[in-house]
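Colleague: Take a look and give me a structure for this.
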Amino acid sequence: MKFNKWKILGIAGALVLGYAVSSQAAEIKVDEDTFADFGLGIQAMYKYLDERGVQPTAYNANWFGVTLTRVYFDGQINKYVQFYADIDAIHHPSFNGTEWRTVSSDFDLREGGVNLAFIPEFQIRIGELRIPFTRYQMVDEFARLMPTGALQDPQIDPITGIGGVLDGQLTLTTYYEPLRLIDPERDGITGGIEVHGDLLDGMFRYTAGIFNEDNVVAGDDRYNSLAYAVRVEFTPTMMGFSPESTNTPSGKIADTYLGKKDVFTIGAGYYYERIEDDNLLANEDLRIKGYTIDAMFEKKYGTVVPNVQVGYVYLDDSHVYQSGSTWKVGDTYMWYIQGQLLSDTVVGIGKPAIAARYEYKEIDGTFGGQRDLSAYTYSVALNYYIKGKAAQVSAGLDYTRYDDAAEAALDQNNYDESLTDLYLFVQTKF
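Modeller: Okay, here's the model as predicted:
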């Protein structure tokens with residue numbers, strides 16, 4: 001099919017002249033039912049990274065870079081057929097156990113799909129999706145209280161997975177990585193299909209889906225079986241709180257709405273996945289069952305907006321670990337509490353806030369006569385919202401301390417048993 005240059009220029013001109021600028025995106029509009037929003041998001045950081053690696057040759061690292069660049073689209077063909085796509089390039093400091101380096105990914109589809117919006121109570125989404133298990137998985141990376149991820153092991157290189165004592169990469173204590181499930185940078189986003197909807201004007205929301213089981217471990221074939229997840233949420237709308245609707249093309253939510261609406265959400269999730277252990281290290285396949293419960297509260301009181309979130313995650317039969325000369329099936333549990341206090345008054349050119357988080361993780365395992373690989377993390381951040389989340393500056397600190405078998409593993413390998421990382425973070429989104 002041939003197009004002459006005037007037709008191409010005409011189409012381009014129509015697109016340029018037809019866009020309407022919103023607070024966070026531009027819009028191409030064909031008619032009232034057919035349109036597409038698109039934009040660009042950038043996250044840049046300075047990181048001061050504590051000593052990782054064998055002492056006394058370990059060293060601190062200073063790193064500047066753009067950690068995430070996102071081109072995003074969402075819109076609809078008509079009121080029944082919606083779409084979205086996040087195309088990301090990720091750029092991180094990476095520690096391979098000996099030295100730091102920078103690892104980057106090319107632009108690739110991070111997540112996206114088609115949403116069939118039949119009625120508010122019943123819709124179908126298919127594509128590369130966020131597994132609807134924990135609240136943390138469903139929060140957009142540009143809408144978090146803190147730029148550093150929760151419920152992960154900071155010893156893990158976010159790109160290669162090398163160096164994590166909790167997931168067993170450092171000592172090969174575990175056969176399977178239990179923390180990867182709730183990490184959107186790893187297996188927290190995968191191919192699948194899900195049904196979702198809002199009931200009673202959003203008082204109840206649900207999402208249930210079937211997904212690829214695509215984590216590759218020794219002896220497990222990619223896409224060998226399926227994973228299943230269900231998440232339900234409740235908001236007491238009769239008390240004046242607004243629901244966080246799942247009826248958007250992506251279904252993503254936010255850690256904070258910056259006082260734009262009062263939110264109180266109670267959520268619960270279930271996850272099931274079967275990992276076929278061809279090596280039969282523990283003489284059985286892994287049948288992972290996950291349970292979580294969480295809550296988020298944010299309400300504006302005059303010029304002050306407090307935000308409080310809590311969550312608990314339990315993974316039954318999450319991994320195989322070695323104890324002496326035998327292999328055993330173990331469990332994982334973790335919990336966190338985080339929050340923010342925002343001043344809804346402009347100071348200078350933006351609104352200041354302070355955020356904090358505490359989290360604890362414990363994974364069944366043994367090392368050096370100690371049981372349980374455990375760690376706790378304290379995080380604090382000063383946030384400054386110049387134009388909401390579309391223009392934000394943050395400065396923060398993450399302190400992680402390893403305990404029990406994790407501490408024993410680090411000590412024996414001459415690694416430090418605690419880490420303190422600092423960062424300066426800038427985010428823009430158009």
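
Colleague: Any idea how far apart the tips of stretch 177-197 sit?
Modeller: The first residue of stretch 177-197 is 32 Å away from its last residue (C-alpha to C-alpha, to the nearest Å).

Colleague: what do you get for stretch 337-354?
Modeller: Across stretch 337-354, the terminal residues are separated by 14 Å (C-alpha to C-alpha).

Colleague: Roughly how far does Ser379 sit from Ala395?
Modeller: Noted for Ser379: a distance of 12 Å to Ala395, by C-beta to C-beta, to the nearest Å. From N, CA and C alone the C-beta is placed, and that goes for glycine too.

Colleague: okay, these two: which has more neighbours?
Modeller: Ser379 (21 against 14; other C-beta atoms under 10 Å).

Colleague: so what's Arg357 bridging to?
Modeller: Bridge pairing for Arg357 (DSSP bridges) gives the partners Gln338, Ser379.

Colleague: which ones are touching it?
Modeller: By C-beta atoms under 8 Å, 6 or more residues apart in numbering, the residues touching Arg357 are 145-146, 150, 336-339, 377-380.

Colleague: Which among those residues count as buried?
Modeller: Buried members of the contacts of Arg357, counted by 16 or more other C-beta atoms under 10 Å: 145-146, 150, 336, 338-339, 377, 379.

Colleague: By pLDDT, give me the weakest of the residues you listed.
Modeller: Lowest pLDDT of the buried ones among the contacts of Arg357: Ala150, 77.

Colleague: for that one, helix, strand, or coil?
Modeller: coil (DSSP: H, G, I helix; E, B strand; the rest coil).

Colleague: Taking the contacts of Arg357, tell me the two that lie furthest apart.
Modeller: With C-beta to C-beta as the measure, no two of the contacts of Arg357 lie farther apart than Gly339 and Thr377, at 15.0 Å.

Colleague: related to what we said a few turns ago, how about the buried ones among the contacts of Arg357 in JSON lines, adding distance to Leu422?
Modeller: Shown next, in JSON lines, are the buried ones among the contacts of Arg357 (distance: C-beta to C-beta, whole Å):
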{"residue": "Leu145", "distance to Leu422": "17"}
{"residue": "Met146", "distance to Leu422": "13"}
{"residue": "Ala150", "distance to Leu422": "17"}
{"residue": "Tyr336", "distance to Leu422": "21"}
{"residue": "Gln338", "distance to Leu422": "18"}
{"residue": "Gly339", "distance to Leu422": "21"}
{"residue": "Thr377", "distance to Leu422": "14"}
{"residue": "Ser379", "distance to Leu422": "11"}
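
Colleague: now, among these, which is nearest to Lys300?
Modeller: So of those, ranked by how close each gets to Lys300 (C-beta to C-beta), first place is Gly339, at 14.5 Å.

Colleague: Not counting its neighbours along the chain, what's nearest the closest one?
Modeller: Spatial nearest neighbour of Gly339, excluding adjacent residues (C-beta to C-beta, 6 or more residues apart in numbering): Val308 at 4.3 Å.

Colleague: Across the sheet, point out what pairs with that neighbour.
Modeller: Listed by DSSP bridges, the beta-bridge partners for Val308 are Phe297, Gly339.

Colleague: do Val232 as well
Modeller: Going by DSSP bridges, Val232 forms beta bridges with Tyr206, Ala268.

Colleague: how much space between Gln55 and Thr102?
Modeller: Counting by C-beta to C-beta, the gap from Gln55 to Thr102 is 24 Å.

Colleague: which residue ranges form the helices in the stretch 301-430 of the chain?
Modeller: Secondary structure of the stretch 301-430 of the chain (DSSP state H, counting those that start in this stretch): helices located at 404-412.

Colleague: before we move on, the earlier item: so for Ser379 and Ala395, which residues contact both of them?
Modeller: Residues touching both Ser379 and Ala395 by C-beta under 8 Å, 6+ apart: none at all.

Colleague: Spatially nearest residue to Glu276, not counting backbone neighbours?
Modeller: Asp285 (5.0 Å).

Colleague: Pull the number of nearby residues for that neighbour.
Modeller: Neighbours of Asp285 under the rule other C-beta under 10 Å: 16.

Colleague: So it sits against Arg274, correct?
Modeller: Yes. Asp285 is within contact range of Arg274, at 5.9 Å (criterion: C-beta atoms under 8 Å).

Colleague: where does the stretch 1-150 of the chain dip in pLDDT?
Modeller: Applying pLDDT under 70 to the stretch 1-150 of the chain picks out residues 1-24.

Colleague: Now do the helices in it.
Modeller: Assigned by DSSP H, counting those that start in this stretch, the stretch 1-150 of the chain shows helices spanning 5-18, 135-138.

Colleague: Show me what the shortest one is packed against.
Modeller: It refers to helix 135-138. On a contact count with 3 or more C-beta pairs under 8 Å, 6 or more residues apart in numbering; DSSP states H and E, helix 135-138 meets strand 286-298, strand 304-323.
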